[in-house]
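Asker: The sequence isn't on hand, but the structure is:
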């Protein structure tokens with residue numbers, strides 16, 4: 001079916017349900033972590049439970065430990081499998097513009113009023129959301145089809161003040177790589193380049209020796 005024969009809600013639902021997520025049998029895993037920023041390198045381990053609670057171990061520097069935890073948390077949140085109704089049941093969907101590249105804008109009303117997305121080829125290629133008192137805008141440039149849903153490979157993100165529109169902090173560009181371990185695709189590398197006030201900061205996270213936990 002083409003976008004013109006679908007409601008805005010149906011078009012967005014197709015993309016939502018096409019995301020790669022872990023199933024209810026996901027056992028959790030352990031992984032060695034290497035975090036590099038500027039001329040500093042931090043090493044440790046991480047433990048992700050079956051219920052996706054996570055812990056970072058062996059990193060003495062508290063700030064580095066929190067950065068690693070934050071990146072793992074952001075990744076695991078996107079692997080949680082929730083039904084479309086659970087996540088978007090209180091939202092109202094309408095069509096916006098069709099972009100030059102063929103992406104279709106989806107405008108949100110109801111609980112998520114003011115948010116908007118772009119959908120192309122059954123994937124969400126742009127997210128514009130109000131969250132935690134800021135507006136985050138994410139553009140995805142390419143993705144990887146796992147056969148069980150897509151994973152974003154390269155994307156950027158930027159934050160703005162929802163009232164003034166002023167940019168907060170720098171724009172970050174992400175490159176994610178995944179490794180298939182057993183039946184699951186798990187993040188094995190993330191590179192983040194953040195440009196702010198003419199300065200470029202690079203962060204690299206390597207997740208190595210990924211081992212699935214024994215299913216309980």
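Answerer: Thanks, I have the structure now. Here the structure is a predicted model, which is why all the values come from computation and not from measurement. Numbering: from 1, shown residues only.
Asker: All the helices of the protein, residue numbers only.
Answerer: Secondary structure of the chain by DSSP state H: the helices cover 8-17, 62-77, 84-88.
Asker: Listing request: residues of the protein with sub-threshold pLDDT.
Answerer: 1-4, 216 (pLDDT under 70).
Asker: Can you report how many residues lie near the nearest residue to residue 29 once chain neighbours are set aside?
Answerer: Among residues not flanking residue 29 along the chain, residue 212 sits closest, at 5.0 Å (C-beta to C-beta, 6 or more residues apart in numbering). Bear in mind the C-beta positions are built from the backbone N, C-alpha and C, glycine included. Neighbourhood size, residue 212 [other C-beta atoms under 10 Å]: 17.
Asker: One more: residue 38?
Answerer: 8.
Asker: Repeat that for residue 25.
Answerer: For residue 25, the count of nearby residues is 9 (other C-beta under 10 Å).
Asker: Over to residue 82?
Answerer: Neighbours around residue 82, by other C-beta under 10 Å: 10.
Asker: still on that earlier bit, for the residue nearest to residue 29, what are its contacts?
Answerer: Residues near residue 212 by C-beta atoms under 8 Å, 6 or more residues apart in numbering: 27-29, 181-182, 184.
Asker: ok, now with 7 Å
Answerer: Taking C-beta atoms under 7 Å, 6 or more residues apart in numbering, we find residue 212 in contact with 27, 29, 181-182.
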